[in-house]
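Enquirer: Please find the sequence and the predicted model below.
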Amino acid sequence: MKNLFTLLTVLLLSQSLISQLSLDLEKSKIKWTGKKITNASHWGSLSFSEANLEFDGNDLIGGKFVVDMNTMSVDDIQGRGKQRLEGHLRNEDFFDVNNHKEAILMFDQRVPLTNGVYEVMGSLTIKGISKPVKFTLVPDGQNYSSSLVFDRTEFEITYSSGNFFENLGDRLILDDVELEVSLVQ
């Protein structure tokens, strides 16, 4: 009986170290950047509908981030050009938001804080397609920042990609999409 009590106590204490951090969905943001072969670029923002991190002491042990693709905005241009580009990014040529309203990033592996940074391996799902991704998560007080680059063609987003179309000239859009993420408590 004493061994059972000791085992239960150890289990309860180990569970008390696990904490889930829900992030402020209004203040946490994603900035995306897409570039053309000419070095011209467009950028904008996306918002989370869910953002959580899970810790065991100082170790990061999980996280789930759900992005509402309907919040995709283009922030570097205004007026008709902005509306046209936002519509194009939301249609079938790019993210097909009518059929894929969310993008999801998840991870569930133990990651120690090393030199002030978490090096995370996770799974990114866009348009129902999941691919492994690697990114850094940097704590800054009670907030976190991250950067992530993904190849859009791995998610069947091939519009104006030099890997799928020829003779695009200066209309070629690079395959890498850069994300800068600010997570606020």
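Expert: Structure's in. What do you need? This is a predicted model, so every value here is computed, not measured.
Enquirer: Go through the secondary structure element (helix or strand) that N70 belongs to and flag the buried ones.
Expert: In this structure, N70 sits in strand 59-74 according to DSSP states H and E. For strand 59-74, the neighbour count (16 or more other Cβ atoms under 10 Å) marks 60-69, 72, 74 as buried. In this view, the C-beta of every residue, glycine as well, is placed from N, C-alpha and C.
Enquirer: Out of these, the closest to S182 would be?
Expert: Of all these, S182 sits closest to F65, with 12.2 Å by Cβ to Cβ.
Enquirer: Verify the stated contact: the closest one with S49.
Expert: No: using Cβ atoms under 8 Å as the test, F65 is too far from S49 to be in contact (9.3 Å).
Enquirer: For the chain, give me the ranges with low pLDDT.
Expert: Applying pLDDT under 70 to the chain flags residues 1-16, 162-163, 165-168.
Enquirer: ok, back up a step: can you spell out which helices and strands pack onto the strand holding N70?
Expert: Helices and strands in packing contact with strand 59-74 are listed as strand 41-56, helix 79-90, strand 102-107, strand 118-126; criterion 3 or more Cβ pairs under 8 Å, 6 or more residues apart in numbering; DSSP states H and E.
Enquirer: the inter-axis angle of it versus strand 118-126?
Expert: Computed with axes from the mean of the first three to the mean of the last three Cα atoms, to 10 degrees, the direction of strand 59-74 lies at 50 degrees from that of strand 118-126.
Enquirer: Distance from stretch 175-185 to the middle of the chain?
Expert: Counting by Cα atoms, centre = their mean, to the nearest Å, stretch 175-185 is centred 6 Å from the centre of its parent chain.
Enquirer: Kindly export that stretch (C-alpha atoms) in PDB.
Expert: Output in PDB follows, covering the C-alpha atoms of stretch 175-185 (Å, rounded to 0.1, in the frame of the first residue of the first chain):
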ATOM      1  CA  ASP A 175       8.100  28.800 -53.800                       C
ATOM      2  CA  ASP A 176       9.200  29.800 -50.300                       C
ATOM      3  CA  VAL A 177       6.800  31.600 -48.100                       C
ATOM      4  CA  GLU A 178       8.200  33.300 -45.000                       C
ATOM      5  CA  LEU A 179       6.300  33.600 -41.800                       C
ATOM      6  CA  GLU A 180       7.200  35.800 -38.800                       C
ATOM      7  CA  VAL A 181       5.100  35.000 -35.800                       C
ATOM      8  CA  SER A 182       4.600  37.000 -32.600                       C
ATOM      9  CA  LEU A 183       2.900  35.100 -29.800                       C
ATOM     10  CA  VAL A 184       1.600  37.300 -26.900                       C
ATOM     11  CA  GLN A 185       0.100  36.100 -23.600                       C
END
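Enquirer: In that stretch, which residues are buried?
Expert: 175, 177-179, 181, 183-184.
Enquirer: in the sheet, who's paired with the spatially most central residue of the chain?
Expert: Taking Cα atoms, centre = their mean, the centroid of the chain lies closest to L105, which sits 5.4 Å from it. Counting by DSSP bridges, L105 is bridged to F65, L124.
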